[in-house]
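Peer 1: Below is the sequence, then the predicted model.
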Amino acid sequence: ALLPILHFPDPRLRTKAKPILEVTDQIRTLAADMLETMYAAPGVGLAATQVNQHIELIVIDVSETKDQPMVFINAKITPLTEELVPYEEGCLSVPEYTDSVNRPARIRIEALDLDGKAVKIDADGLLAVCIQHEMDHLSGKLFVDYLSPLKRQRIKDKLVKREREK
Ligand SMILES: O=C(O)C[C@@H](Cc1ccccc1)C(=O)SCC(=O)c1ccccc1
Ligand SMILES: [Zn+2]
């Protein structure tokens with residue numbers, strides 16, 4: 001099912017997600033609904049926080065063919081280099097805005113998959129950017145937090161105005 005995505009500055013986006021203690025069928029259904037919602041947006045990632053579910057679950061698919069879904073549960077990430085690289089990021093919770101964000105170029109992610117099995121991946125490029133972007137969501141952080149307060153306020157004012165006009 002398609003799930004409604006929370007939009008900045010909704011305070012629920014600032015909630016810190018909790019670890020998942022058991023990977024149940026309910027979690028599997030939520031992951032499937034998040035992937036469906038992500039593909040429909042379209043996007044290359046989605047965090048449970050964005051659909052108002054405050055648990056450590058993220059879904060990603062950075063493939064061109066849109067048929068390589070990844071699901072990470074209770075993920076921990078570690079930078080593999082001090083090198084920071086800029087990337088023009090967007091966010092499904094901050095519609096119609098993109099801006100440059102600097103992040104570590106390569107990271108390691110250690111998590112559980114939907115079978116509760118441990119997975120460990122070293123990532124670079126868009127996958128590394130996306131993983132870090134989704135992990136920020138789980139800690140209540142948005143890419144606009146890396147911008148100047150003036151830019152952030154302008155984006156907030158525009159989105160609040162747009163939500164009012166709806
Ligand atoms: O809000 C989200 O989490 C989804 C977001 C994830 C993202 C990945 C990589 C860079 C920025 C943001 C998106 O999928 S935004 C839409 C999108 O497909 C995209 C936007 C900018 C760059 C790459 C992809
Ligand atoms: Zn986002």
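Peer 2: Noted; the coordinates are in hand. Quick caveat: nothing in here was measured; it's all calculated off a predicted structure. Ligands and ions are numbered 1, 2, ... in the order given.
Peer 1: From now on I want contacts and neighbour counts done on CA atoms only, so please keep to that.
Peer 2: Will do.
Peer 1: Tell me if I am right that I107 is in a strand.
Peer 2: Yes. According to DSSP: H, G, I helix; E, B strand; the rest coil, I107 belongs to a strand.
Peer 1: isn't it right next to G125, touching?
Peer 2: No. With contact defined as Cα atoms under 8 Å, I107 does not reach G125; the gap is 9.8 Å.
Peer 1: and Q50, that one's in a strand?
Peer 2: No. Counting by three-state DSSP, Q50 falls outside a strand, being helix.
Peer 1: Let me know whether it touches D136 as I believe.
Peer 2: No. Contact status for Q50 versus D136: not in contact, 11.1 Å apart, counting by Cα under 8 Å.
Peer 1: neighbour-wise, which of I107 and G125 wins?
Peer 2: Between I107 and G125, counting by other Cα atoms under 10 Å, I107 is the more crowded of the two (21 against 14).
Peer 1: now the spatially closest residue to that one that is not a sequence neighbour: how far from M70?
Peer 2: Excluding the flanking residues, the one nearest I107 by Cα to Cα, 6 or more residues apart in numbering is P79, at 4.3 Å. Separation of P79 from M70 (Cα to Cα, to the nearest Å): 19 Å.
Peer 1: Compare the two and say which is more crowded by neighbours.
Peer 2: For P79 versus M70, neighbours defined as other Cα under 10 Å are more numerous around P79 (18 against 15).
Peer 1: I121 is in contact with that one, correct?
Peer 2: No. Using Cα under 8 Å as the test, P79 is too far from I121 to be in contact (11.8 Å).
Peer 1: Write out the residues of this protein neighbouring ligand 1.
Peer 2: Listed as neighbours of ligand 1 in the chain under the rule Cα under 6 Å from any ligand atom: 42-47, 88-93, 129-130, 134.
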